[in-house]
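Visitor: Have a look at this fold, sequence not included:
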């Protein structure tokens, strides 16, 4: 069976996974600056028959370079419906491809309503009904982005490396605690607004800060590694079936 390469080209890193059938052979991540070296190492290992699927929310030049070096990539674009998920956005195609992939993964990983939270450079908080209908979601600065914005926009506040303490009694801890509670507050408030307790919804968190944020949530929650890549894997599997219903759309960034 032909291998499948999955690419999640985010704002700061490239996350990737190599599949044999539906088996995850290996996965990893690298910073944007290290992508040329990663391409060189990966290109030597991939057979020409490799299928390639990706999500891109970074600069198009990076996506174009990946295609130039690795070959044609099916870049996921949000659609009105795919892989059991219905897109409730006013303009479905304007939903971020990373959010769309995460929603697809959540629908296939969890039975029931879910709050799909991706914790990276930005934090996205998306509501998914049990039947796979995406009702809408939030975008806010990620945890590290919040800290950085205070350091860049003020004269006397540092990039905080403090701890979460309540009440905080120093500036470092005050910033760390405030930024984390802003994340937690947004997630929990949206959960209540969307009547999460009434329907027994679960929050599924993924991304670099998922463990930190999940540990402070007072709602049902669990972390899932590589939610975006898992969604891409579902799309790739669907596209390999006879007469696929256009679950993946080839898109040139």
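Guide: Now that the structure is in, tell me what you want to look at. What you are looking at is a predicted structure, and each value in this text was computed from that prediction instead of being measured. Numbers count the residues shown, from 1 in each chain.
Visitor: list the contacts for the residue lying closest to residue 62 once chain neighbours are set aside?
Guide: Nearest residue to residue 62, sequence neighbours excluded (Cβ to Cβ, 6 or more residues apart in numbering): residue 9, at 6.0 Å. Just so you know, the C-beta spots here come from the backbone N, C-alpha and C atoms, and that holds for glycine as well. When contacts are counted by Cβ atoms under 8 Å, 6 or more residues apart in numbering, residue 9 is found next to 54, 55, 56, 57, 58, 62, 63, 66.
Visitor: Can you name the element that comes right after the helix or strand residue 15 falls within?
Guide: Secondary-structure assignment from DSSP states H and E places residue 15 in strand 13-20. Where DSSP H and E defines the elements, the next helix or strand beyond strand 13-20 is strand 23-31.
Visitor: which pair in the contacts of residue 9 spans the largest distance?
Guide: 57 and 66 (13.5 Å; Cβ to Cβ).
Visitor: Compare these two (neighbour count), which wins?
Guide: residue 66 (25 against 17; other Cβ atoms under 10 Å).
Visitor: Report the contact partners of that one.
Guide: Contact analysis of residue 66 by Cβ under 8 Å, 6+ apart lists 7, 9, 35, 39, 54, 73.
Visitor: which stretch of helix or strand covers it?
Guide: Element membership for residue 66 (DSSP H and E) is helix 60-70.
Visitor: Just the ones in helices from the contacts of residue 66, please.
Guide: Cross-referencing these against helices under DSSP state H gives 35, 39.
Visitor: Closest to residue 235 out of the contacts of residue 66?
Guide: Among the contacts of residue 66, residue 54 lies closest to residue 235 (Cβ to Cβ), at 10.4 Å.
Visitor: List the residues that contact the residue lying closest to that closest one once chain neighbours are set aside.
Guide: With sequence-adjacent residues excluded and distances taken as Cβ to Cβ, 6+ apart, residue 54 is closest to residue 7, at 3.7 Å. By Cβ under 8 Å, 6+ apart, residue 7 lies in contact with 14, 15, 16, 52, 53, 54, 55, 56, 66, 73, 232.
Visitor: still on that earlier bit, what about the helix holding residue 66, average pLDDT?
Guide: Averaged over helix 60-70, pLDDT sits at 95.
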